[in-house]
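Student: predicted structure and sequence below. I'll ask about it afterward.
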Amino acid sequence: MLETRIIQARNYAKLTQEDLSNSLKIGKRTLADYEKGTSEPKASTIVDIAEICNINVYWLLTGKGEMLVPSNNQLPTVCQCPEDDDSDDLVSINYYPDIVAAAGYGGINEDFGQPCQVMKFNRQFLQEFFNIRRFETIDILRVVGDSMEPFVHDGEVVMIERHNEARNGETVIANINGHVYIKKFFTDPFGKWVKLISDNGRYGEISIEGDELEYLTIVGIVRAKIKAF
């Protein structure tokens, strides 16, 4: 159960309820309710707990996999999509239901090599409503956290175009040493620094420069989102 996993994470990090609640900027009683199971935290709070306690957010969210952060920090390989049912009207897009890009702290995923699901979409629908033209490089990921609101909300999914370079102002999926973020991308003309910025002003920017840049990989560019109702 989630409440048990929160207690395990806090104990692993050797934090008291007061320590963790202060780091989360919530009341001690609120955390106690999470650990009793009388109240359930938002997905963004769960991601924050995983970051603070340095444990696997996928395990904390679902109970699957290992509690500790896995050493494999590579994103999944591209699925081998089947033919489009002999129809030019349908295209296949890879969907990774259990890989999360965090809008707050970086999402740590349990298994980046897991197989994806292949979903079928109408070609004209993608072209007209999402302005997508290069279907063979599109993937779908889930977002947790609220730092990119109002552009992307907690729990929504985004369509990304796989690309390892981005232009200033584009919203990207970025992997920093195994932590996966969705942020706006900015860099200087000489590539000496990168800033990843949230749409939600409550969150600070992530600045990367010098030798730290070798730990940054741009996974893809966000081209569309699918809003959950």
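Tutor: Sure, I can see it.

Student: can you give me the helices for the chain?
Tutor: Taking DSSP state H, the helices of the chain run over residues 2-12, 17-24, 28-36, 43-53, 57-62, 123-130.

Student: nearest to Ser147, out of those?
Tutor: Ser147 lies closest, by Cβ to Cβ, to one member of these: helix 43-53, at 7.8 Å. In short, each C-beta sits where N, CA and C put it, glycine included.

Student: which elements pack onto the closest one?
Tutor: helix 2-12, helix 17-24, helix 57-62, strand 90-102, strand 138-144 (3 or more Cβ pairs under 8 Å, 6 or more residues apart in numbering; DSSP states H and E).

Student: lowest-pLDDT helix or strand in this structure?
Tutor: strand 90-102 (a mean of 72; mean pLDDT, DSSP states H and E).

Student: just tell me which of the helices of the chain ends up closest to Asp211.
Tutor: Comparing the helices of the chain under Cβ to Cβ, the one sitting nearest is helix 43-53, at 22.2 Å.

Student: now that closest one: average pLDDT?
Tutor: Confidence for helix 43-53, expressed as mean pLDDT, is 81.

Student: distance from that helix to the middle of the chain?
Tutor: Remark: helix 43-53 is offset 12 Å from the chain centroid, using Cα atoms, centre = their mean, to the nearest Å.

Student: over to stretch 201-212?
Tutor: Put simply, stretch 201-212 sits 16 Å off its chain's centre (Cα atoms, centre = their mean).

Student: break the protein down into its domains, please.
Tutor: According to automatic domain parsing, the chain comprises the domains 2-62, 90-226.

Student: what is the end-to-end distance of the last one?
Tutor: Taking Cα to Cα, to the nearest Å, the span from the opening residue of domain 90-226 to its closing residue is 18 Å.

Student: go on, stretch 153-163?
Tutor: End-to-end distance (Cα to Cα), stretch 153-163: 23 Å.

Student: quick revisit: in CSV: the domains of the chain, plus distance to Leu68.
Tutor: CSV is the format used below for the domains of the chain (distance: least, Cβ to Cβ, whole Å):
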stretch, distance to Leu68
domain 2-62, 6
domain 90-226, 10
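
Student: could you identify which of those has the lowest mean pLDDT?
Tutor: Mean pLDDT is lowest for domain 90-226 among those, at a mean of 79.

Student: show me the contacts for Val222.
Tutor: Val222 makes contacts with 152, 158-160, 170-173, 182, as judged by Cβ atoms under 8 Å, 6 or more residues apart in numbering.

Student: convert the C-alpha atoms of stretch 181-201 to PDB, please.
Tutor: C-alpha atoms of stretch 181-201 as PDB (Å, rounded to 0.1, in the frame of the first residue of the first chain):
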ATOM      1  CA  TYR A 181      11.900  16.100 -16.800                       C
ATOM      2  CA  ILE A 182       9.400  18.000 -19.000                       C
ATOM      3  CA  LYS A 183      10.600  21.600 -19.100                       C
ATOM      4  CA  LYS A 184      11.100  24.500 -21.500                       C
ATOM      5  CA  PHE A 185      14.600  24.600 -23.000                       C
ATOM      6  CA  PHE A 186      17.000  27.500 -23.200                       C
ATOM      7  CA  THR A 187      20.700  27.600 -24.100                       C
ATOM      8  CA  ASP A 188      23.400  30.200 -25.100                       C
ATOM      9  CA  PRO A 189      24.600  30.500 -28.700                       C
ATOM     10  CA  PHE A 190      27.800  28.600 -27.800                       C
ATOM     11  CA  GLY A 191      26.200  25.700 -25.900                       C
ATOM     12  CA  LYS A 192      28.100  26.500 -22.700                       C
ATOM     13  CA  TRP A 193      25.000  26.300 -20.500                       C
ATOM     14  CA  VAL A 194      21.400  25.000 -20.500                       C
ATOM     15  CA  LYS A 195      18.500  26.200 -18.500                       C
ATOM     16  CA  LEU A 196      15.300  24.100 -18.000                       C
ATOM     17  CA  ILE A 197      12.400  26.300 -16.900                       C
ATOM     18  CA  SER A 198       9.000  25.500 -15.600                       C
ATOM     19  CA  ASP A 199       5.800  27.300 -16.800                       C
ATOM     20  CA  ASN A 200       4.600  27.300 -13.200                       C
ATOM     21  CA  GLY A 201       6.400  30.200 -11.400                       C
END
